[in-house]
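Participant: Predicted structure and sequence below. I'll ask about it afterward.
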Amino acid sequence: MQAKMSTPALQARDYKSGVKPIWCPGCGHFAVLAAITRSLAYLELPREEVALISGIGCSSRLPAYVDSYGFHGLHGRALPLATGLKVARPDLNVLVTGGDGDGFSIGGNHFLHACRRNIDLTYVVMDNRVYGMTKGQASPTTAPDWAASKMTPHGTGVRRFQPAAIALAAGATFIARGYSGDPKGMTRILAEAIRHPGFSFVHVLSPCVTFRPDQRSWKTEVHPFPADAGNDPVEAARRIHADDGMGLGIIHAESLPVWPARQETETTLAAIEKEFLV
Amino acid sequence: MNLEMPTMETGSISLAITGSGGSGAVTAGLILLEAAAKSGLYGLMMRSAGPQIRGGESLSLLRLAGSPVACMDDHFDLLLGLDWHNAGRFAQEIPLHASSLILSDPAIGAIPDTFTAGGAVVRGLTFKDRAARVDGGRLNMVAVGTAGALCGLPQDMLALAADEILKAKGPGVVEAATACVAQGYALATEHDVPATKPTHSTLARWNISGNEACGLGALRGGVRFVAAYPITPATDILEWLGPRLEQLGGLLVQAEDELASINMVIGASYGGVPALTATSGPGLSLMQEGLGLAVASEIPVVVIDVTRGGPSTGIPTKPEQSDLNVALYGMHGDAPHLVLAPLDVRDCAFTTQWAVRLAEHLQTAAIVLSDQSLGQTRAVTDPAKLPGIPLQRVTEPSPASDYRRYALTADGVSPMTLPGTKGGMYTADGLEHDAFGIPSSLAADHHQQLDKRRRKIEAFDFGSDWAELRGDGKLCLICWGSSSGATFEAGERLLADGIAIRVIALRLLAPLRSDALAQALAGVEKVWVVEQNHSGQLYHYLRSYGVLPEDAHSLAKPGPIPLRPGEIIEAVKHG
């Protein structure tokens, strides 16, 4: 993706819309919002050429807080909406934001197909392993024995969804993990993800202080991967499966043709209409 | 043979061709239709098949006439048997009368009793033997020659049509086909067939299917993005549009499901590119949440529903008009939108184009209710008309500093900024919002935005295309979409019998132009609402508006057999 010059250079704060977030004090998403605006400023992307697309959930409220074009659409359907926009308007920088329920549960099928299409989108999932907006139910990334929800009093008993492993298996060409407690690292990852030509998936550990106070311990559990990964999916798979899911950094970055490839054929509507003439 | 065939001057000729996998009933039908077109005639061709993916029994139904026809006739004059295996399953689709003619070669087997029970005249012809005289000859092409002669189609037009339809298969196939057509033609003339003289039209005409016409209407309307998931009987629209969109600089995306399709379409349209999806009942059900988002966020989208028998998976290959309710009422919340229905094959182009332009201008969702009987029927017809008023999306290229995406304008249409426009940034939302697009749960904002979304549609001047009106009198037939062809013909025949009747065919179903409809019904004492579904969906919809007179009847008949004029006439005369 080409960074475009705009003068005078915008600061991160210039990308904030001024709409007050609905998030709880201490929510990890504030740091993700800040990292997004910082990476947009760093890349000097004109605000009107950025579109943030989201679904439903706490983190999906993010587009309204950024001074760019945005669409707060349906639960689970942010990726298809963004796909349509990017195909129709390849000139735009399209980012997709959302949470673990939106992306991996109701939107799980679209996640698989967005990864394998390799369309030039940046998908940021703020994973707090809980449904916050509906007041604390288990999500696909919640541990099977988490029993704090009335809806699943004994825990879900279902193994956790593995976002990075599934993204890799589905063909994502850029996979990274950030942590809201590491704003600098997250900004760097986001800038790389936006620059990456093709589909980039950024998995962000973003704690929910209200329904998952236990996630305060994440700050001692996260650890950086020793170095950024190369372009070998086998190496990426080894890295993902050898890790406890708390490793931070770029896990995989591979250069493959970006979809859709434009075909060079041309005709006119009048010529098409002629095919029906008797 | 001494035959009483109808002629084009007095009406139309209807013929059915039965076959099975590989016997070429569909190819024979396509060649006869194209030959009729080249001979200056009009016509229709429907096709039917068993449930097999490949092979199995197949059927072509044709009606050829000197003037445009929009439905199949009550009976078939000619039944051509290329193969009788399982053909009995088609009995209900091929009503015959006592003077119908069945042509078949005894060498291919016995004609099922169901076809001969009504007293139809049977003639055995040596199709197989004639085909054997030609190197690479095929029975179906001999039958084309004979049937063509019976219908009064010139032999050179049959040869031209065979060349056009078969040329992709190579010159050897075309040469053999032409020789077989000559054999078949000779077979007919040897049997002393009365020569019919077709009326030649010199006007420009189209040979087009309803699904192709929907695709063309979409392109004419400016659609350059389509996202869709394959589904019978809508897939032909997508297969036609795919390569042509690319040629015009657009794109068709095959989505992972219908949830993705509708959301991709919303995304593309938000970006400023007119966008459309096509589906059938099951897909339309899946798209309802997306349609509501388009209504709430005021993003223009068009969905073509090529309806099939329902509910659930239903009857995928057969027609029904049973999706009106879901098109009108499927969305949750108060969600004003557009519902339109093409009245015949040709009108698929006009109605789809009009739907695109209306959706674009009114920034809302439009559902176009075609169905299998329009979509997969091929017609030789006059070219489709074009909508009168050029409608466009109202955009805001240079927004003021206090720009409001959902401004409360007098006509309810708020100028829309497209991404890339400086100073016009906003976040579209399915959440209720204020004039700026900021989420709001305040009563005032909700009421103002509800009013605005209703006003822009209700107050719009749709002109005269909301319906086609014909005839006069105290009796009236009201129909919509694909039931219009049979209803118009019933009206014409009743008039010929001295019964004055008016026909109102509704093209715009939502918003219902109830005032205009009441005006069109002025003086009417008795009404029949004609539609192809089980519960009388249009009848109850019109009842809810209070526009029908007391003496109003539902003439609702479910699929899969197409409505025929005769049954409508019966209802009027004896109902």
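Facilitator: Looks like it came in fine. Residues are numbered from 1 along each chain as shown, chains lettered A, B, ... in the order given.
Participant: show me the contacts for the residue nearest to the spatial centre of chain B.
Facilitator: The C-alpha lying nearest the average C-alpha coordinate of chain B belongs to B:L374 (CA atoms, centre = their mean; 2.2 Å). Shown in contact with B:L374 (CB atoms under 8 Å, 6 or more residues apart in numbering or on different chains): B:210, B:306, B:319, B:342, B:344-345, B:348, B:481-482. All C-beta spots, glycine's among them, are computed from the backbone N, C-alpha and C.
Participant: Go through those residues and say which is closest to B:A552.
Facilitator: B:G481 (19.1 Å; CB to CB).
Participant: sorry, back to before: confidence score at the residue nearest to the centre of chain B?
Facilitator: pLDDT, B:L374: 98.
Participant: Tell me if it really is in a helix.
Facilitator: Yes: counting by DSSP: H, G, I helix; E, B strand; the rest coil, B:L374 is found in a helix.
Participant: Which residues are in contact with the closest residue to it other than its chain neighbours?
Facilitator: Leaving aside its sequence neighbours, B:L374 sits nearest to B:G210 (CB to CB, 6 or more residues apart in numbering or on different chains; 3.6 Å). Listed by CB under 8 Å, 6+ apart, the contact set of B:G210 reads B:306, B:342, B:345, B:348, B:370, B:374-377, B:379.
Participant: Now intersect the residues you listed with the helices, please.
Facilitator: Judged by DSSP state H, helices contain the following of the contacts of B:G210: B:348, B:374-375.
Participant: Give me the neighbour count for residue 250.
Facilitator: You didn't pick a chain, so chain A it is. Neighbours of A:I250 under the rule other CB atoms under 10 Å in any protein chain shown: 23.
Participant: that's the wrong chain, I wanted chain B
Facilitator: Neighbourhood size, B:G250 [other CB under 10 Å]: 21.
Participant: Same check on B:T116?
Facilitator: Using other CB under 10 Å, B:T116 is surrounded by 16 other residues.
Participant: so who does residue 130 touch?
Facilitator: Just so you know, I chose chain A. A:136-139, A:142, A:208, A:211-212.
Participant: my question was about chain B
Facilitator: Per CB under 8 Å, 6+ apart, neighbours of B:R130: B:137, B:142, B:180, B:183-184, B:187.
Participant: try it again with 7 Å
Facilitator: Contacts for B:R130 (CB atoms under 7 Å, 6 or more residues apart in numbering or on different chains) come out as B:142, B:183-184, B:187.
Participant: Does it lie in a helix or a strand, and which?
Facilitator: helix B:127-132 (DSSP states H and E).
Participant: Export that helix to CSV, keeping only CA atoms.
Facilitator: The C-alpha trace of helix B:127-132 is given here as CSV (Å, rounded to 0.1, in the frame of the first residue of the first chain):
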residue,chain,number,x,y,z
PHE,B,127,-37.5,-39.9,-38.0
LYS,B,128,-34.9,-42.6,-37.0
ASP,B,129,-34.6,-44.0,-40.5
ARG,B,130,-34.3,-40.5,-42.0
ALA,B,131,-31.6,-39.6,-39.5
ALA,B,132,-29.7,-42.7,-40.5
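Participant: what's downstream of it, the next helix or strand?
Facilitator: Following helix B:127-132 in sequence, per DSSP H and E, is helix B:139-150.
Participant: how far out from the middle of the chain is that next one?
Facilitator: On the basis of CA atoms, centre = their mean, to the nearest Å, helix B:139-150 sits 28 Å off its chain's mean C-alpha point.
Participant: quick check: mean pLDDT across that helix?
Facilitator: 96.
Participant: List the contacts of it.
Facilitator: Among residues not part of helix B:139-150, those counted as contacts by CB under 7 Å, 6+ apart are B:5, B:15, B:23-25, B:27-28, B:31-32, B:35, B:78, B:80, B:82, B:103, B:125, B:127-128, B:130-131, B:158, B:162, B:177, B:180-185, B:187-189, B:193.
Participant: The very next helix or strand once past that helix versus helix B:139-150: what angle between them?
Facilitator: Scanning forward in sequence from helix B:139-150 by DSSP H and E, the next helix or strand is helix B:155-166. On the basis of axes from the mean of the first three to the mean of the last three CA atoms, to 10 degrees, helix B:155-166 is oriented at 140 degrees to helix B:139-150.
Participant: quick one: buried residues of the next helix or strand after helix B:155-166?
Facilitator: For helix B:155-166, the succeeding helix or strand toward the C-terminus, using DSSP H and E, is helix B:171-190. Across helix B:171-190, burial judged by 16 or more other CB atoms under 10 Å in any protein chain shown covers B:173-188.
Participant: what angle do helix B:171-190 and helix B:155-166 make?
Facilitator: Helix B:171-190 and helix B:155-166 meet at an angle of 150 degrees, taking the same axes, to 10 degrees as the criterion.
Participant: Helix B:171-190 packs against which elements?
Facilitator: When contacts are defined as 3 or more CB pairs under 7 Å, 6 or more residues apart in numbering or on different chains; DSSP states H and E, helix B:171-190 sits against helix B:127-132, helix B:139-150, helix B:155-166.
Participant: CA atoms only: put it into CSV for me.
Facilitator: The C-alpha atoms that make up helix B:171-190 are tabulated as CSV, following Å, rounded to 0.1, in the frame of the first residue of the first chain:
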residue,chain,number,x,y,z
PRO,B,171,-18.9,-27.5,-39.0
GLY,B,172,-19.5,-31.3,-39.2
VAL,B,173,-22.3,-31.1,-36.7
VAL,B,174,-23.9,-28.1,-38.5
GLU,B,175,-23.7,-29.9,-41.9
ALA,B,176,-25.3,-33.0,-40.5
ALA,B,177,-28.0,-31.0,-38.8
THR,B,178,-28.8,-29.1,-42.0
ALA,B,179,-29.1,-32.3,-43.9
CYS,B,180,-31.4,-33.8,-41.2
VAL,B,181,-33.6,-30.7,-41.2
ALA,B,182,-34.0,-31.2,-45.0
GLN,B,183,-34.9,-34.8,-44.4
GLY,B,184,-37.5,-33.8,-41.8
TYR,B,185,-38.9,-31.0,-44.0
ALA,B,186,-39.3,-33.5,-46.9
LEU,B,187,-41.0,-36.0,-44.6
ALA,B,188,-43.6,-33.3,-43.8
THR,B,189,-44.2,-32.2,-47.3
GLU,B,190,-44.5,-35.8,-48.5
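Participant: tell me how far that helix is from the chain's mean position?
Facilitator: Centroid separation for helix B:171-190 versus its chain: 33 Å, with CA atoms, centre = their mean.
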